[in-house]
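[1] Pasting a predicted model and its sequence here:
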Amino acid sequence: MTLPRLTLFDTDPAESAVDAVVLGVHSHDRAGELLIGAGAESVAAAFDGQLTEALRLLGATGAAGEVVKLATLGTITAPLVVAVGLGPVPAGASCDPEVLRRGAGAALRAVAGLGKVALALPVPDDESAPRAVRALAEGALLGAYQFAGYKSTPARKRPVSAIALHVPEARDRSTRAEVKRATIAATAVARARDWVNTAPNYLRPPDFADRVAEAATEAGLAVEVLNERALRRAGYGGILAVGQGSEAPPRLVRLEYTPPGGRAVARVALVGKGITFDTGGVSIKPAQGMWEMTSDMSGAAAVAATLLAVAALKPRITVTGYLPIAENMPSGSAYRPGDVIRMYNGKRVEVLNTDAEGRMILADAIARACEDEPDYLIETSTLTGAQIVALGKRVAGVMGTPELCERVRRAGELAGEMIWPMPMPDDVRSSMDSAVADVLQTAAGLDKSGGMLQGAWFLSEFVTPDLPWAHIDIAGPAYHSGEPYGYISKGGTGVPVRTLLNLLEDIARAGGKN
Ligand code: BES
Ligand code: MN
Ligand code: ZN
């Protein structure tokens with residue numbers, strides 16, 4: 001989809017010629033009183049001090065996520081006030097950026113159908129302003145996201161066409177830079193969401209590879225696509241094994257960004273799981289919920305979208321994306337439990353469950369990525385249901401070298417994408433010793449204990465020793481099946497695009513050291 005246009009303004013929101021003004025409301029700690037958020041003082045003044053009372057009568061409590069609309073009846077220029085709950089008054093000077101991001105997102109969903117809106121939400125007039133601006137811009141743009149869908153008569157309420165963000169100083173350079181960055185990041189997230197939300201019959205492996213290649217070429221990235229013949233010639237046993245059950249052949253896409261002038265301070269490899277649909281294969285999944293496996297290419301979508309954003313942000317690092325893409329189907333030609341597969345790096349894997357297909361295609365892509373000798377390798381995938389059991393639907397797990405895992409956690413925290421480091425205990429690895437091959441695909445006897453950690457151990461077999469690496473399991477957070485909230489729409493979430501962008505920025509800033 002195309003996101004709304006986002007501009008800055010520092011004039012009076014009460015006199016802004018827009019269809020609605022969005023403001024914040026805090027729940028007051030005691031007394032149950034409401035407090036209008038910073039940035040909307042002039043709007044509150046125009047209501048002669050009666051705005052909080054009017055909102056209270058309409059049921060506003062200031063709770064985070066709440067949205068209350070109020071006709072202004074000539075008190076201000078805009079005909080509508082949209083009050084979003086921001087929770088209690090912040091203890092420090094400014095709101096938690098994630099509260100702002102979610103508030104802006106909820107507001108933008110509530111004003112769908114209108115043309116232009118102004119956001120008069122709290123942006124502090126100090127050094128924390130850039131963070132607030134980034135959060136508000138990302139939240140607003142992503143809250144406006146809608147997937148086009150497949151209805152014969154398209155949806156009723158279109159997203160707004162323009163957003164004006166009220167800031168203390170619209171000409172400030174760092175403020176403008178944050179808006180530009182937020183727009184690039186939100187565009188990338190929207191891209192990833194669109195790919196995930198595309199129905200699996202419209203996005204089989206060759207289609208997905210083509211769409212990614214087209215977008216990447218347009219963005220000026222170097223693109224290489226290996227088709228089935230090329231995969232066979234090069235010995236990508238894992239990708240071919242998973243792909244052989246489908247009539248739509250697998251692909252391996254490699255995308256590369258090199259900084260202008262070729263001066264890179266570090267090389268980063270990103271790998272993403274691209275299963276366009278996961279039936280489980282011969283070890284078939286139950287019918288209940290299988291439709292959600294249209295999201296099993298979320299990792300690849302996130303990596304491709306991140307590279308598109310990188311091409312626009314132009315950091316001083318080389319970033320290479322590797323997307324193994326296949327469809328996991330049961331058929332007469334499908335791989336089976338008991339098969340022994342020779343992988344791209346020569347290791348032999350004993351298959352126990354064809355539904356553990358992600359690690360098979362990722363192992364090949366990781367081994368390929370390591371050939372390019374990166375300084376860091378970050379892989380992300382909807383790898384295990386065990387991730388959801390351990391951390392729930394909204395927190396991803398990260399496993400790998402501890403320092404990089406901590407950097408991933410921090411990058412996620414900054415993005416409002418929760419990611420938690422998980423251990424890799426030795427006993428889980430020894431449960432994967434094979435009697436006939438180099439490694440079992442999962443623990444012996446399909447023992448489910450530590451299922452997420454088994455995935456990490458398996459992938460680690462294909463990473464160059466001593467290379468800082470991280471595996472981000474996004475099985476839960478990649479896809480949202482409930483009602484929309486904050487800036488999260490139904491379906492693909494675009495996790496962990498913004499985390500990856502923060503991490504790459506961190507690596508570029510640190511100059512590849514640490
Ligand atoms: N794509 C699934 C994991 C998944 C499950 C993602 C639910 C999102 C929601 C993956 O390919 C899978 O099937 N994993 C198996 C591994 C097992 C067979 C070792 C699982 O988690 O059950
Ligand atoms: Mn599976
Ligand atoms: Zn899968």
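    Thanks, I have the structure now. Residues are numbered from 1 along each chain as shown. Ligands and ions are numbered 1, 2, ... in the order given.
[2] pretty sure residue 354 is in a strand, no?
    No - per DSSP: H, G, I helix; E, B strand; the rest coil, residue 354 lies outside any strand segment and is coil.
[3] can you count the residues close to it?
    Residue 354: 26 surrounding residues under other C-beta atoms under 10 Å. In short, each C-beta sits where N, CA and C put it, glycine included.
[4] Which residues of the stretch 351-500 of the chain lie near ligand 3?
    When proximity is defined as C-beta under 5 Å from the ion, the stretch 351-500 of the chain approaches ligand 3 at residue 358.
[5] Right, and ligand 2 sits closest to which residue of the stretch 351-500 of the chain?
    Ligand 2 sits closest to residue 355 of the stretch 351-500 of the chain, with a gap of 3.8 Å, by C-beta to the ion.
[6] what about the spatially closest residue to that residue that is not a sequence neighbour, neighbour count?
    Leaving out its chain neighbours, the residue that sits closest to residue 355 by C-beta to C-beta, 6 or more residues apart in numbering is residue 280, at 3.9 Å. Residues within reach of residue 280, counting by other C-beta under 10 Å, total 18.
[7] need the contact list for residue 280.
    290, 328, 330, 354-355 (C-beta atoms under 8 Å, 6 or more residues apart in numbering).
[8] Pull out the buried members of those residues.
    When the contacts of residue 280 are checked for burial by 16 or more other C-beta atoms under 10 Å, the buried set is 328, 330, 354-355.
[9] And those residues, which two are furthest apart?
    330 and 355 (10.2 Å; C-beta to C-beta).
[10] joint contacts of the two?
    280-281, 284.
[11] Can I get the residues you listed in JSON lines including distance to ligand 1, pLDDT and secondary structure?
    As requested, the shared contacts of residue 330 and residue 355 are exported to JSON lines (distance: C-beta to the nearest ligand atom, whole Å; pLDDT from 0 to 100; DSSP: H, G, I helix; E, B strand; the rest coil):
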{"residue": "280", "distance to ligand 1": "6", "pLDDT": "98", "secondary structure": "coil"}
{"residue": "281", "distance to ligand 1": "9", "pLDDT": "98", "secondary structure": "coil"}
{"residue": "284", "distance to ligand 1": "10", "pLDDT": "98", "secondary structure": "coil"}
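[12] Rebuild the residues you listed as a markdown table, extending it with distance to residue 381.
    Below are the shared contacts of residue 330 and residue 355 laid out as a markdown table (distance: C-beta to C-beta, whole Å):
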| residue | distance to residue 381 |
| --- | --- |
| 280 | 16 |
| 281 | 17 |
| 284 | 20 |
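[13] how close does the residue in the stretch 201-350 of the chain positioned nearest to ligand 3 get to ligand 1?
    Nearest to ligand 3 in the stretch 201-350 of the chain, going by C-beta to the ion, is residue 278, at a distance of 3.7 Å. From residue 278 across to ligand 1, the span is 5 Å (C-beta to the nearest ligand atom, to the nearest Å).
[14] For residue 306, which non-adjacent residue is closest in space?
    residue 500 (4.5 Å).
[15] And the pLDDT for the closest residue to residue 32 other than its chain neighbours?
    Distance criterion C-beta to C-beta, 6+ apart; nearest residue to residue 32, sequence neighbours excluded, is residue 61 at 7.9 Å. The model reports residue 61 with a pLDDT of 95.
[16] Residue 31 too?
    68.
[17] The closest residue to residue 416 other than its chain neighbours and residue 487: what is the separation?
    In this structure, residue 416 finds its nearest non-sequential neighbour in residue 98, 4.0 Å apart by C-beta to C-beta, 6+ apart. For residue 98, the distance to residue 487 (C-beta to C-beta, to the nearest Å) stands at 10 Å.
[18] now swap in residue 2 and tell me
    17 Å.
[19] Could you do residue 268 as well?
    Counting by C-beta to C-beta, the gap from residue 268 to residue 487 is 26 Å.
[20] For residue 204, which residues are in contact?
    246, 248, 276-277, 327.
[21] cool, residue 306 as well?
    Residue 306 neighbours (C-beta under 8 Å, 6+ apart): 188, 270, 319, 321, 497, 500-501, 504.
[22] So the nearest residue to residue 253 once chain neighbours are set aside versus residue 251, what's the distance?
    Spatially, and ignoring its direct neighbours in sequence, residue 253 is nearest to residue 323 (4.2 Å; C-beta to C-beta, 6+ apart). For residue 323, the distance to residue 251 equals 8 Å [C-beta to C-beta].
[23] who touches both of these two?
    209, 274.
[24] The closest residue to ligand 3 within the stretch 401-514 of the chain: neighbouring residues, count only.
    Closest contact between the stretch 401-514 of the chain and ligand 3, by C-beta to the ion, is at residue 475 (8.4 Å). Using other C-beta under 10 Å, residue 475 has 27 neighbouring residues.
[25] What mean pLDDT does stretch 120-134 get?
    93.
[26] Burial check on residue 131, number of neighbours?
    Around residue 131 there are 18 residues (other C-beta under 10 Å).
[27] Residue 119 now?
    32.
[28] Tell me if it really is in a strand.
    Yes - counting by three-state DSSP, residue 119 is part of a strand.
[29] Mind checking if the longest strand along the chain is in reach of ligand 3?
    The longest strand of the chain (DSSP state E) is strand 318-328. No - Strand 318-328 stays clear of ligand 3 (C-beta under 5 Å from the ion), getting no nearer than 6.4 Å.
[30] which bits of the stretch 351-500 of the chain sit near ligand 1?
    353, 355-358, 382, 384-386, 442, 451, 475 (C-beta under 6 Å from any ligand atom).
[31] Is there a quick PyMOL command that grabs whichever of the residues you listed are buried?
    Per 16+ other C-beta under 10 Å, the buried members of those correspond to this PyMOL selection:
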select buried, resi 355+356+357+358+382+384+385+386+442+451+475
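[32] could I get the residues of the stretch 351-500 of the chain next to ligand 1 as JSON lines with secondary structure?
    Shown next, in JSON lines, are these (three-state DSSP):
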{"residue": "353", "secondary structure": "coil"}
{"residue": "355", "secondary structure": "coil"}
{"residue": "356", "secondary structure": "coil"}
{"residue": "357", "secondary structure": "coil"}
{"residue": "358", "secondary structure": "helix"}
{"residue": "382", "secondary structure": "coil"}
{"residue": "384", "secondary structure": "coil"}
{"residue": "385", "secondary structure": "helix"}
{"residue": "386", "secondary structure": "helix"}
{"residue": "442", "secondary structure": "coil"}
{"residue": "451", "secondary structure": "helix"}
{"residue": "475", "secondary structure": "coil"}
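[33] Just put the residues of the stretch 351-500 of the chain next to ligand 1 in TSV and tack on pLDDT and distance to residue 67.
    Converted to TSV, these look like this (pLDDT from 0 to 100; distance: C-beta to C-beta, whole Å):
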residue	pLDDT	distance to residue 67
353	98	45
355	98	41
356	98	42
357	99	41
358	99	38
382	99	31
384	98	36
385	98	34
386	98	36
442	98	45
451	98	39
475	99	30
